[in-house]
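S.K.: Please find the sequence and the predicted model below.
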Amino acid sequence: MAISLRTVHTADLGPAELRAARTLLDEAFGGDYDDEEWEHGLGGLHVLVSDDRGLAAHGSVIMRRARYRKHWLRVGYVEGVGVRPDVKRQGFGGRVMAEIERIIEGAYDFGALSASDQGVALYHARGWQLWSGRLCALGPHGVVRLRDEEDCTFVRPAAAGPLDPKHKLVFDWRDGDVL
């Protein structure tokens, strides 16, 4: 079985490739992947793993900003990591994450993601750490706490070094689920 990995910006994906990625994520999440989630993963780099049957796994990393202490940091935010159901548990998710982690380590102050229940084991195994501090977002009416995200948000230190959870992370605002 021939397996290929490709990293490409959203701007360089054609309509058929975007449809294939969206279809894969719909299948990977059992139909529980909505348009807002899809939008959140656009505008950055996509990691695509293909096999003889076509697209087998996808993930993307986009830039977000987060205030930590007195500085706004560049965050490589991971979105839309999914594996085609017939090839789950065969290392495809790990291949996607290895490339995403390479991108984060080379271009961002740290990485972050909001994990589904199914993804937690993968992220733990790859050294991602559950953020134990407070999470907030700078919203239209000021800073709001994101309590629902505090039990599923993982971080991966990069250029910024270790992050101390005694200090909150304040993410930039976006429509839909902020994280």
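M.R.: It's in.

S.K.: dump the residue contacts of residue 140.
M.R.: residue 173 (CB atoms under 8 Å, 6 or more residues apart in numbering). Bear in mind the C-beta positions are built from the backbone N, C-alpha and C, glycine included.

S.K.: roughly how far apart are it and residue 151?
M.R.: Using CB to CB, to the nearest Å, residue 140 is found at 25 Å from residue 151.

S.K.: go on, residue 115?
M.R.: With CB to CB as the criterion, residue 115 and residue 151 are 10 Å apart.

S.K.: cool, and residue 29?
M.R.: Applying CB to CB to residue 29 and residue 151 gives a distance of 19 Å.

S.K.: Which of the two has more residues huddled nearby?
M.R.: More crowded of residue 29 and residue 151, by other CB atoms under 10 Å: residue 29, with 15 against 11.

S.K.: Name the nearest residue to that one, ignoring sequence neighbours.
M.R.: residue 82 (6.3 Å; CB to CB, 6 or more residues apart in numbering).

S.K.: tell me the SS of the one you found?
M.R.: What DSSP: H, G, I helix; E, B strand; the rest coil gives for residue 82 is strand.

S.K.: For it, which residues are in contact?
M.R.: Residue 82 neighbours (CB under 8 Å, 6+ apart): 24-25, 27-29, 33, 57-59.

S.K.: and the lengthiest strand in the chain, which strands flank it?
M.R.: In the chain, taking DSSP state E as the definition, the longest strand is strand 54-68. Next to strand 54-68 in the sheet, as set by DSSP bridges, lie strand 45-51 (antiparallel), strand 71-83 (antiparallel), strand 169-171 (antiparallel).

S.K.: just how off-centre is that strand within its chain?
M.R.: 4 Å (CA atoms, centre = their mean, to the nearest Å).

S.K.: How about stretch 39-52?
M.R.: Using CA atoms, centre = their mean, the offset of stretch 39-52 from its chain centre is 10 Å.

S.K.: same thing with stretch 31-50?
M.R.: So, by CA atoms, centre = their mean, the centroid of stretch 31-50 is 9 Å from its chain's centroid.

S.K.: what comes into contact with it?
M.R.: Contacts of stretch 31-50 (CB under 8 Å, 6+ apart): 3-10, 13, 17, 21-22, 25-26, 55-63, 79-80, 82, 92, 95-96, 99-100, 103, 174-177.

S.K.: Distance-wise, check residue 176 relative to residue 36.
M.R.: 3 Å.

S.K.: longest helix in this protein, by residue count?
M.R.: In the chain, with assignment by DSSP state H, the single longest helix is helix 92-107.

S.K.: List the buried residues for that helix?
M.R.: 92-93, 95-97, 99-101, 103-104 (16 or more other CB atoms under 10 Å).
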